[in-house]
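*Asks:* I would like the atomic coordinates for the input below:
(one chain, ligands or ions: 1)
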Amino acid sequence: MSLSPETASALSARRAAVAAIDAAATDLVALSAFVHDHPEVAMEERRASAAAADFLADRGFAVERGVANLPTAFAADVGSGAPRVAYLAEYDALPGLGHGCGHNLICIAALGAGVGLAAALPELPGGSVTVFGTPAEEAIGGKVLMADAGIFAGIDAALGAHPGTAEAVCPTVPGSGQALACQAVRIAFHGQAAHAAADPYNGINALNALIETFNGINALRQHVTTDARIHGVITHGGEAPNVVPAYAAGDFLIRAATRAGMERLVERVRGVAEGAALMTGARLEIGLPEPANADMVTNRILAARIKRNLDEVGLRLPEAKAAPALGSTDWGNVSYLVPSVETGFPIMDGVCTWHSHEVVEAAASPLGYGNTLLVAKALALTGVELLAEPTLLRAVKGEFARETAARSR
Ligand SMILES: [Zn+2]
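*Replies:* As a prediction, this is how the structure comes out:
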């Protein structure tokens with residue numbers, strides 16, 4: 001049997017991608033260990049982002065540092081023209097904990113995949129690969145700011161991976177791999193101080209307004225869909241019990257399955273706060289301290305290819321199941337612009353609480369590094385397929401258009 005020229009070159013592209021990741025494996029693990037051992041929190045990832053950008057520059061990527069006016073973000077390109085496949089790296093740590101979310105592994109999954117696909121480019125009909133360094137996933141969400149700055153314009157697909165426990169899956173099934181849209185809301189009330197016993201009738205109680213806001217939100221809960229999550233804390237509740245609080249404030253997070261649904265929910269909470277202002281006479285000040293995270297639109301066609309490639313490289317994950325979306329991620333905003341998959345993968349044999357010391361340990365373990373390198377290969381091989389198979393890219397884009405339109409209603 002003889003192979004068609006396309007099949008033969010696709011096969012040699014796949015071999016080149018895997019061989020390049022094998023050749024870089026020692027350096028990738030050393031880089032990840034360095035990031036792990038020097039944890040830097042959101043927006044302070046100077047050493048990590050410099051090390052990652054240098055790693056790619058040393059391997060022929062054209063690196064632009066500080067994209068989107070974020071000092072610790074970067075974009076590293078190789079190849080020319082479309083299609084453009086992107087891999088998204090993260091490297092921020094958690095305050096007081098270190099790499100309790102394993103972003104040092106997310107970093108080398110993306111770098112390894114980028115190096116792999118770059119090595120395969122000469123065997124492919126064309127296209128390019130970009131590795132993005134995306135800072136501050138745990139705080140302000142670097143991807144949100146990069147998306148708003150237009151950094152992902154022209155990208156055809158964005159791939160990456162997030163470590164997890166033994167229960168991690170590749171999100172191939174509708175309902176798996178979701179993340180909720182999330183908006184931070186700051187609600188403050190301005191009242192009038194007065195002696196709480198001598199002349200309370202001259203006071204306007206800002207704390208009462210805030211408490212009524214909580215009560216109103218609790219009344220709202222019965223009448224929202226089950227995906228909704230509204231939770232808050234009081235950050236200012238007054239100064240002394242004998243003074244009518246002139247100022248009270250709280251921080252809230254409002255989440256829902258889609259960005260459109262979340263925006264409707266934010267308006268309902270605004271209405272509650274306006275009602276509380278009316279009830280008490282306090283003046284409402286409501287603001288959005290951070291841009292919203294959109295929900296994650298996982299591209300199932302692309303996820304199925306990643307799953308197949310994970311199987312091929314020997315990382316067999318349990319089948320994904322439909323599950324309710326839990327947290328939120330700054331990747332959501334990217335996923336409304338570019339067909340996206342962030343696959344999960346296990347870095348431990350058991351199950352534990354995330355953002356914990358167990359994760360810090362697993363993020364620098366032989367199993368953690370080994371599985372991350374396998375994931376890098378699967379992501380690179382999926383990139384090869386995107387560049388080699390125009391029909392695949394068309395199908396991925398078709399699903400993207402349908403799904404983002406449906407969620408925007
Ligand atoms: Zn994380």
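
*Asks:* Can you name every helix or strand that the top helix by length along the chain contacts?
*Replies:* The helix that spans the most residues within the chain, counting by DSSP state H, is helix 5-37. On a contact count with 3 or more C-beta pairs under 8 Å, 6 or more residues apart in numbering; DSSP states H and E, helix 5-37 meets helix 46-57, helix 103-120, helix 366-388. C-betas here are computed from N, CA, C, even on glycine.

*Asks:* Of all the ones you listed, which one is nearest Ala10?
*Replies:* Ranking the helices and strands packed on helix 5-37 by proximity to Ala10 (C-beta to C-beta) places helix 366-388 first, at 4.8 Å.

*Asks:* tell me the angle that closest one makes with helix 5-37.
*Replies:* 140 degrees (axes from the mean of the first three to the mean of the last three C-alpha atoms, to 10 degrees).

*Asks:* Mind listing what's buried along helix 366-388?
*Replies:* Buried residues in helix 366-388, counted by 16 or more other C-beta atoms under 10 Å: 368-369, 371-388.

*Asks:* what residues go with each domain of this protein?
*Replies:* Following automatic domain parsing, one gets these domains for the chain: 5-178+294-407, 181-287.

*Asks:* among those domains, which is the most enclosed?
*Replies:* Across the domains of the chain, averaging neighbours per residue (mean count of other C-beta atoms under 10 Å) puts domain 5-178+294-407 on top, at a mean of 21.

*Asks:* Report the beta-bridge partners for Thr298.
*Replies:* The partner list for Thr298 in beta bridges (DSSP bridges) reads Ser340.

*Asks:* Would you check that it makes contact with Gln178?
*Replies:* Yes - between Thr298 and Gln178 there is a contact at 6.9 Å, judged by C-beta atoms under 8 Å.

*Asks:* Find residues that contact each of those two.
*Replies:* Pro171 (C-beta atoms under 8 Å, 6 or more residues apart in numbering).

*Asks:* if we can go back for a sec, got the domains of the chain as TSV, with mean pLDDT columns?
*Replies:* Listed next are these as TSV, based on pLDDT from 0 to 100:
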stretch	mean pLDDT
domain 5-178+294-407	96
domain 181-287	97
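
*Asks:* Am I right that Phe86 is in a strand?
*Replies:* Phe isn't right for residue 86; it's Ala. Yes - assessed by DSSP: H, G, I helix; E, B strand; the rest coil, Ala86 belongs to a strand.

*Asks:* That one and Gly203: what is the separation?
*Replies:* Look at Ala86 and Gly203: by C-beta to C-beta, to the nearest Å, they are 56 Å apart.

*Asks:* Kindly report the same for Ala158.
*Replies:* When Ala158 is compared with Gly203 (using C-beta to C-beta), they lie 54 Å apart.

*Asks:* wait, Thr130 sits on Ala86?
*Replies:* Yes - assessed by C-beta under 8 Å, Thr130 is found in contact with Ala86 at 4.7 Å.

*Asks:* Which among the helices and strands packed on helix 5-37 is found nearest to Val396?
*Replies:* That would be helix 366-388 among the helices and strands packed on helix 5-37, by C-beta to C-beta, at 7.4 Å.

*Asks:* roughly how far is the closest one from the heart of the chain?
*Replies:* For helix 366-388, the gap between its own C-alpha mean and the chain's C-alpha mean amounts to 19 Å (C-alpha atoms, centre = their mean, to the nearest Å).
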